[in-house]
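> got a sequence here, can you model it:
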Amino acid sequence: MPEGFRFHPPPVELTAELRWLLLRAFGPAGAPPPGRVDGPRCHELARRFELAARVAHRTGREALAAEVGADAAGRFQRDRLAAAANALSLEGVARELAATAARLGMPLVLLKFAALHRTGAAPPGSRSAVDVDVLAPAAGAGELQAALVAAGYRQAALPEHEHHLPALGHPVCGMVEVHRALPGVRFGAAGRSATLEDLAAYALLIPCRDLPGDCAVPSPAVLAAHALAHGLAQHGSQPAAYPLLKMVADLIDLGWAGPEAEELARAARPLVAGDVAGEEVAAARGLAAALAAGDLPPAESGAALLLAHALAGRLDPDYAAAQRLDLFAAQPSDRPRMAHWAGTLWRTLVLTRGQIDAVYGPPRHPGGYVLRRLARPFDLLVRFLRYRASRRRLARRG
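Below is the predicted model:
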C-alpha cells in the first residue's frame, strides 16, 4: 500500500465485460475489442458507473451493435441522447444563472460539468449530469440564492453545507448549487478553500464571452484539482454517491493522458496538497494514462489500487458498506477539526425533512417526521453494526 493512500480495496475480478467497459470508456478510439462479451451486462455495468453516455459518444452505433448486439447498442444510444438533451437543458440553466448574476452586478464561475461542457472538454451527449454548480463571490452567494428563489427556483429541504448553500430546483429542469468556495482547493496546504476572489487574483479564470455578464470557468489546473478533491477527499468513501471513474473521465478529458499531462498534474498537485496525498494524485495520473492507452495499470501500483477502489465501491457490497464506517474520516474543511466533526455528527443524527424523504421515503403523516428523527440514532446503530460486519467479512476474505 503506497504511503498516504487512504483506500484499502479488495481484489476485483476484471471480467471480459469490465475490460470492455474500461476500453470503450477510456481507451484509444477503434482499438479492437478484448473478446466476446455479454451485451446487456456491458450496458448494466456502464450505467452502474455512469459511463453509458460516454461509451456511446466514443463508439459509433455500428461498432457497438457489432460488439454488444443491436438491443444493447440501442440502449447505449438512448442514454447518449438523454445525456445530450440534458446537457442542452443545463446549458440553458447556466445561461439563466449568468444573466441573474449580471443583473446583480456580480461575477460568476461555472464549475464541474457546466465548466467541462462550456470548454468543450465534455461535448453534449458524452457525460451525464443532473445539476449546475456555480461559484459566487463569498459575500454574494446568499444574494444570488435569494434572487434565484425569487425567480421561481425551489430551495430543497436540505441542510446548508460549509462550502455551498442548499440545492435549488430549477422551475423546469435540473438542480443548482451555489458555492462559496472550492473545498480542498487551496493556495498553500494550510490555506482556506479557494474563493472566486482567489481564482481571480491568481489569474486562474477563463472568461465566457458568449454568456451574459462577468462569467468564467476555472483554468484546467483548477478544474482538475477540484475533481481530485471532490472525487478522493469528499466522496472517496461514498461510492454510492459518486462513482470514482467519473473523476478519471474528467481528468482524461482535461488532458491528463495527453502530451501536457505531467505539466497539468504538477500544476494541480499543490492546490490539493492539504487534502489529497501526493501518492493519490500520482495514482490518478497513472490510472488516467494507463486507461487512455488501452492498458491496465501495473499490479500493486497506486493506480491499480485506485482502479480496484473505484470498481469495488460499486461492485462489492461488503466493501461499499465498510466504506461507510469512514464517516468521520478527514474531509476538506476550513473549520477546526472538532467543530467539523461535531457538524458532521449533527447533520448525521438530525435530518431535515428533505433528507428524511431521501433516506426513508416521505412518511404518510407529518408526525412521521418526528418519529423518524427519534428512531434515527437506533437506525444508525443498526447500520453501524452491519457495516462492521461487512468490514470483518472483508478482512476474512483478505
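
> for the stretch 151-300 of the chain, what spans make up the strands?
Secondary structure of the stretch 151-300 of the chain, counting by DSSP state E, counting those that start in this stretch: strands at 154-155, 168-169, 175-179, 182-186, 193-194, 205-207, 215-218.

> how close does Arg335 sit to Tyr369?
28 Å (C-beta to C-beta, to the nearest Å). All C-beta spots, glycine's among them, are computed from the backbone N, C-alpha and C.

> which one's more surrounded, these two?
Tyr369 (17 against 11; other C-beta atoms under 10 Å).

> helix, strand or coil for the more buried one?
helix (DSSP: H, G, I helix; E, B strand; the rest coil).

> picking that back up, of the strands of the stretch 151-300 of the chain, which stretch is the most buried?
strand 182-186 (a mean of 27; mean count of other C-beta atoms under 10 Å).

> any chance you could map the helices in the stretch 201-350 of the chain?
Secondary structure of the stretch 201-350 of the chain (DSSP state H, counting those that start in this stretch): helices at 220-228, 244-253, 261-268, 278-292, 302-315, 317-323, 337-349.

> longest helix in this structure, please.
helix 70-104 (DSSP state H).

> just name the shakiest helix or strand of the protein by mean pLDDT.
Lowest on mean pLDDT, DSSP states H and E among the helices and strands of the chain sits helix 337-349, with a mean of 71.

> show me the shaky parts of the stretch 51-200 of the chain.
Across the stretch 51-200 of the chain, residues meeting the criterion (pLDDT under 70) sit at 189-190.

> at 90 what do you get?
Residues of the stretch 51-200 of the chain meeting the criterion pLDDT under 90: 60-61, 123-124, 128-130, 155-164, 170-174, 187-192.

> again with the stretch 251-398 of the chain
258-259, 274, 300, 317-398.

> returning to that earlier point: could I get the least confident helix or strand of the chain in PDB with only the CA atoms?
The C-alpha trace of helix 337-349 is given here as PDB (Å, rounded to 0.1, in the frame of the first residue of the first chain):
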ATOM      1  CA  ARG A 337     -11.400  19.500  13.300                       C
ATOM      2  CA  MET A 338     -13.600  19.100  16.300                       C
ATOM      3  CA  ALA A 339     -16.100  21.700  15.000                       C
ATOM      4  CA  HIS A 340     -16.100  19.900  11.700                       C
ATOM      5  CA  TRP A 341     -16.700  16.500  13.300                       C
ATOM      6  CA  ALA A 342     -19.500  18.000  15.600                       C
ATOM      7  CA  GLY A 343     -21.200  19.400  12.500                       C
ATOM      8  CA  THR A 344     -20.900  16.100  10.700                       C
ATOM      9  CA  LEU A 345     -22.400  14.300  13.700                       C
ATOM     10  CA  TRP A 346     -25.300  16.700  14.000                       C
ATOM     11  CA  ARG A 347     -26.100  16.500  10.300                       C
ATOM     12  CA  THR A 348     -26.000  12.700  10.500                       C
ATOM     13  CA  LEU A 349     -28.200  12.500  13.600                       C
END
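
> what's it packed up against?
On a contact count with 3 or more C-beta pairs under 8 Å, 6 or more residues apart in numbering; DSSP states H and E, helix 337-349 meets helix 368-397.

> relative to helix 302-315, how tilted is the helix it packs on?
Relative orientation of helix 368-397 versus helix 302-315 (axes from the mean of the first three to the mean of the last three C-alpha atoms, to 10 degrees): 130 degrees.

> can you list the buried residues in helix 368-397?
For helix 368-397, burial by neighbour count (16 or more other C-beta atoms under 10 Å) applies to Tyr369, Arg372, Arg376, Tyr387, Ser390, Arg391, Arg393, Leu394.

> go on, stretch 185-198?
So stretch 185-198, judged by 16+ other C-beta under 10 Å, has buried residues Val185, Arg186, Ser193, Ala194, Thr195, Leu196, Asp198.

> and if you look at stretch 32-43?
Quick answer for stretch 32-43 (16+ other C-beta under 10 Å): Pro33, Pro34, Val37, Asp38, Gly39, Arg41, Cys42, His43.

> after the least confident helix or strand of the chain, next one along is what?
helix 353-360 (DSSP states H and E).

> contact partners of that next one?
Defining contact as C-beta atoms under 8 Å, 6 or more residues apart in numbering, one finds that helix 353-360 is touched by Ala156, Ala157, Leu158, Pro159, Leu351, Pro362, Pro363, Tyr369, Arg372, Arg373.

> so which of those is the closest to Pro10?
Leu351 (31.3 Å; C-beta to C-beta).

> what is the neighbour count of that closest one?
For Leu351, using other C-beta under 10 Å, the count is 20.

> please apply the same query to the one 5 residues further on.
Counted with other C-beta under 10 Å, the neighbours of Ile356 add up to 18.

> distance of it from Ala241?
17 Å.

> returning to that earlier point: need the max-distance pair from the buried residues of stretch 185-198.
Within those, Arg186 and Leu196 form the most distant pair, 14.4 Å apart (C-beta to C-beta).

> could you say which helix or strand holds Gly142?
Using DSSP H and E, Gly142 falls in helix 141-150.
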